[in-house]
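# coordinates for the following, if possible.
(2 chains)
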Amino acid sequence: MFRYLVRRLLQMILVFLGTTFIVFALMFAGGEGDPIQNLAGEKPVSAAQRAQLTEKFHLDDGFFERYWYYLKDLVTGNLGESLTGRDISTMILDAFPATAKLATIAILVTIVFGVTAGVIAGIRRGSIFDNSTLVLTLVIIGIPTVVLAPLGQLLFGVKFPIFPATANNPPTWYELILPGIVLGLLSVATAMRLTRASVAENLRADFVRTAKSKGMPGRRVIGVHVLRNSLIPIVTFIGVELGSLMGGAIITERVFNISGIGNLLYKNLNLGDAPVVIGTVSVLVIVFLIANLIVDLLYAVLDPRIRYE
Amino acid sequence: MQVRRLAAWAALPLAVTLGLTACGKSGGDSGSANQNGVVSIGISEPQFLSPANTSETGGSQVLSALFAPLVDFDEANKPFEVAAQEITTTDNKTWTVKLKDGWTFHNGEPVTADSYINAWNYAAYGPNAAKNNYFFDKIEGFKALNPADAATKPETSTLTGLKKVDDKTFTVTLSAPFSEFKALLGYTAFYPLPKAAWESDTAAPLVLKKDFQEAPIGNGPFKIKGTWQHDSQVEVEKYDAFAGTKPHIGGALFKIYQNSDAEYADLLANNLDVVKQIPTESLSTVQGDLGDRFQQSPSSSFTFLAFPTFDPRFKDVDVRKAISMAIDREEIANKIFQGSQKAAYSFTSPVVAGYRDKTCGTACEFNPTEAKSLYEKSKGPKELNISYNADGPHKQWVEATCNQLKTNLGVECVATPEPKFADLLTKVEKKEDVGMFRLGWAFDYPSMENYLGPLYSTGGSSNYYGYSNPEFDSLVKAGTEAPTTDEAIKKYQEAEDILAKDLPVLPLRFGQNVFGHSTKVKNVAIDLFTRVDLNKIESVG
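This next block holds a predicted model:
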């Protein structure tokens, strides 16, 4: 177990270096455009001013030189300053709680609706419930967020103001319920179908037949034996989902005015503020890697036959 | 399941009643004003909150609450004194600014001539890389503070053109006569800063405290409450010792929005009082949503199509004229912009003194038959293209313009996107084939000169297409040296008439502020710099 952890952590360093290098290269290759002009909008920038800003942000240094500066700062835990002079670590720390809360609600929605419906549908295959949830989830998965999010906002935030139309910063849990549901609904369909298939398969497994023939009550057969064995693919899915939700949901966050990671990234990509984009992505890579590691470790908890060497 | 359904049915009538009561309250602009009311105004996250750096509308809205300018603009868009007692000159070159007595900063410090001189020196000092640095380029000594090579440090850190006479008076010497200098002083860049803003107010060069902009101390009608909460809000409250005209509200809450759709949704949900720019997609329903709480006023923005002078296809003025006549400006303004922009038939904006309608004459009037025959007679190119930057909302109208050219001139026309504005400029600078390209302009100070100078003068800062006409240049110069505003305007108008003959660009549209407000405020007006006028707005009930 310990050796496995060390090996995984070492791998993570490599993955981290690789991904940040790619992001850095992409921003450098054109993603940042002309940050000085972007900062000035469409107003003209004088030559003297341009020279000063270029000097200040090392904009004319070579690629490897700038990458080296970045790595050196990163090792000391310093993410640097944005082009407007704000501390990037503070910006990320300010934005993170909103995204984390939103992701939590979304995941809860996915689990409560997706997994529950999946289990029921798996047990009662071919029933009305099975077919109707299938159609319903397909419809929802067919609607893109760009439609679902503003529609939800219009219906439940403006026309029938059950929930706040937009969130403040920092957002309260209540303000995030509506966006959380919208976001969670998108993965409900996948979670439900995964659960359904997995439950249906395990219901036919030998150990279930044995348990049934032993005279074990049906509730216990499904609750303990079937469900636990069906959870592995679902946990994988939810773990990956949680990782990507932490990366911020750009559309949902923009529609509901949530000052989270998604908005932070979107705004600074538009501004060509490379230091902020690269800093944020670096943190996201780490979050994603950790989420994946936790998922892998959970396998052993769910299925004792899995051993880590 | 039963319980949930019951709850849903119970929630529905409740929601309906809430909606009804909200309707009941909206009696328009009636009701008594509440002197202590706080109004909420939607803004975007400011880039900076310091006079030297703030140029976008979000930041300047906040600064307009915290600071009072030397001059503001009246109904006729002419400057009048606010923090200044008087601003005088005899030769348009040396200007004497006398400040009003009794003005203080929010920390109690008196506003003196030094407050202005220090703030301006800081912004003009090249190594500070201030965004509003170029506003000071007309003051004597600017060049010495801004060496073209960033590696050389300027030898001095103060503008030689700024001289203190006494505590309340200072003189500004310009490097050349400039009749519009008083109007220029209305901009954000010319606000004063207190001693408390500097690390040390005797140091040279001056160093601005790093966290000053988190809670700026100004001389304006409102002082900041707490600090700037990034991506969230900035709150300001009435400054009781303010010596100028007092506003009618107790404070303002600037709520920061990530996008204008969310902002508009909050206005509809009655969580926000003022939206300065209603998103174009919502304009078709805005009348029903807001009724007479939806308003429009002209803004300084100006959209036009430029012809690069290096492209031989557009050398013939008749070709340019034919293209211009083939564009139906009204149709695009009404159909695509839902009236949020107005068709333009002049080269300067209607919000500046001296503007005349239709200076472009017949060349800008939609006349497809005339256009086609003129285009064929002058052997215009068979293929046209219009470049635009895809990071702005331009795709739709550029394509519509292209379609009009296709139909009316019988040519091929392609709308070519460039990822960002900077990419478009780079291509133009390298003289690559961009065809015609879109440009926009919003003034820095309300004067005809601020359109004629940067856009059409030889070497003008935004004259990317390279138009140059010595006669035009000398008329603009004569205007900037004219002894009175009226004489200056006369020269500018003569210069504008030359543009109508030369057609270096095609005027397309003038911008409009399309704004809306809640039932909790009245007298909402947007000023020339796209800011809600905090001196006029009132809180109801």
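# residues of the stretch 201-350 of chain B that sit close to chain A?
Contact residues (Cβ under 8 Å from any Cβ of the partner chain) of the stretch 201-350 of chain B with chain A: B:210, B:229-233, B:255-259, B:261-263, B:265-266, B:268-269, B:271. Backbone N, C-alpha and C define where each C-beta goes, glycine included.
# out of those residues, which are inside helices?
Residues of these located in helices (DSSP state H): B:261-263, B:265-266, B:268.
# sorry, back to before: which among the residues of the stretch 201-350 of chain B next to chain A count as buried?
B:229-233, B:255-259, B:261-263, B:265-266, B:268-269, B:271 (16 or more other Cβ atoms under 10 Å in any protein chain shown).
# so what's A:Leu5 up against?
A:Tyr308 (Cβ atoms under 8 Å, 6 or more residues apart in numbering or on different chains).
# tell me the secondary structure at it.
helix (DSSP: H, G, I helix; E, B strand; the rest coil).
# how near is it to A:Ile294?
Using Cβ to Cβ, to the nearest Å, A:Leu5 is found at 12 Å from A:Ile294.
# run a quick neighbour tally on the residue in the stretch 401-541 of chain B that chain A sits nearest to.
Of all residues in the stretch 401-541 of chain B, B:Ala422 sits closest to chain A, at 3.3 Å by Cβ to the nearest Cβ. Applying other Cβ atoms under 10 Å in any protein chain shown, we find 22 residues neighbouring B:Ala422.
# isn't it up against A:Gln37?
Yes: counting by Cβ atoms under 8 Å, B:Ala422 does reach A:Gln37; the two are 3.8 Å apart.
# now name the helix or strand holding B:Thr416.
strand B:412-418 (DSSP states H and E).
# just the pLDDT for A:Gly31.
Per-residue pLDDT puts A:Gly31 at 56.
# which stretches of the stretch 251-400 of chain B have low pLDDT?
Counting by pLDDT under 70, the stretch 251-400 of chain B shows no low-confidence range.
# show me chain B divided up by domain.
B:45-250, B:301-511 (automatic domain parsing).
# flag every residue of the stretch 1-150 of chain A that's near chain B.
Within reach of chain B by Cβ under 8 Å from any Cβ, the stretch 1-150 of chain A has these residues: A:30, A:33-34, A:37-44, A:46-49, A:51-56, A:84-86, A:91, A:94-95, A:150.
# using CSV, list the CA coordinates for stretch B:376-388.
Extracted in CSV, the C-alpha atoms of stretch B:376-388 (Å, rounded to 0.1, in the frame of the first residue of the first chain):
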residue,chain,number,x,y,z
GLU,B,376,-19.2,49.3,-62.2
LYS,B,377,-18.1,52.6,-63.8
SER,B,378,-15.1,52.9,-61.4
LYS,B,379,-14.3,49.2,-61.9
GLY,B,380,-14.5,48.2,-58.3
PRO,B,381,-13.0,44.8,-57.2
LYS,B,382,-15.0,41.7,-57.8
GLU,B,383,-14.2,40.3,-54.4
LEU,B,384,-14.4,42.1,-51.1
ASN,B,385,-13.7,41.0,-47.5
ILE,B,386,-14.3,42.6,-44.2
SER,B,387,-12.1,41.7,-41.2
TYR,B,388,-13.4,41.8,-37.6
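# how far is it from where the chain is centred?
For stretch B:376-388, the distance from its own C-alpha centre to the chain's C-alpha centre is 33 Å (Cα atoms, centre = their mean, to the nearest Å).
# repeat for stretch B:512-523
Stretch B:512-523 sits 19 Å away from the centroid of its parent chain (Cα atoms, centre = their mean).
# next: stretch A:126-140.
Here stretch A:126-140 is found 26 Å from its chain centre; the criterion is Cα atoms, centre = their mean.
# likewise stretch B:206-216?
Using Cα atoms, centre = their mean, the offset of stretch B:206-216 from its chain centre is 25 Å.
# what residues does it touch?
By Cβ under 8 Å, 6+ apart, stretch B:206-216 touches A:85, B:48-50, B:52-53, B:63, B:66-67, B:118, B:121-122, B:125, B:128, B:157, B:193, B:196-200, B:224, B:226-228.
# flag every buried residue along that stretch.
Using 16+ other Cβ under 10 Å as the burial criterion, the residues of stretch B:206-216 that qualify are B:206, B:208, B:212-216.
# the residues you listed into JSON lines, with extra columns for secondary structure?
Formatted as JSON lines, these follow (three-state DSSP):
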{"residue": "B:Leu206", "secondary structure": "coil"}
{"residue": "B:Leu208", "secondary structure": "strand"}
{"residue": "B:Phe212", "secondary structure": "helix"}
{"residue": "B:Gln213", "secondary structure": "helix"}
{"residue": "B:Glu214", "secondary structure": "helix"}
{"residue": "B:Ala215", "secondary structure": "coil"}
{"residue": "B:Pro216", "secondary structure": "coil"}
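# between the residues you listed, which is closest to chain A?
The shortest approach to chain A among these belongs to B:Gln213, at 8.7 Å (Cβ to the nearest Cβ).
# helix or strand: which one has B:Phe515?
Using DSSP H and E, B:Phe515 sits within strand B:505-517.
# tell me the average confidence for that strand?
What strand B:505-517 shows for mean pLDDT is 95.
# what packs against the helix or strand encompassing B:Leu439?
In this structure, B:Leu439 sits in strand B:436-441 according to DSSP H and E. With contacts taken as 3 or more Cβ pairs under 8 Å, 6 or more residues apart in numbering or on different chains; DSSP states H and E, strand B:436-441 sits against strand B:294-306, strand B:383-389, helix B:449-456.
# could I get the ones you listed as JSON lines with mean neighbour count?
Output for those, formatted as JSON lines (neighbours: other Cβ atoms under 10 Å in any protein chain shown):
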{"stretch": "strand B:294-306", "mean neighbour count": "20"}
{"stretch": "strand B:383-389", "mean neighbour count": "21"}
{"stretch": "helix B:449-456", "mean neighbour count": "24"}
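# which one, of the ones you listed, ends up nearest to A:Asp60?
A:Asp60 lies closest to strand B:383-389 among the helices and strands packed on strand B:436-441, at 23.6 Å (Cβ to Cβ).
# circling back: any idea how far the strand holding B:Thr416 is from the middle of the chain?
How far strand B:412-418 lies from its chain's middle: 28 Å, per Cα atoms, centre = their mean.
# then stretch B:350-365?
Put simply, stretch B:350-365 sits 20 Å off its chain's centre (Cα atoms, centre = their mean).
# got it, and stretch A:239-251?
Put simply, stretch A:239-251 sits 1 Å off its chain's centre (Cα atoms, centre = their mean).
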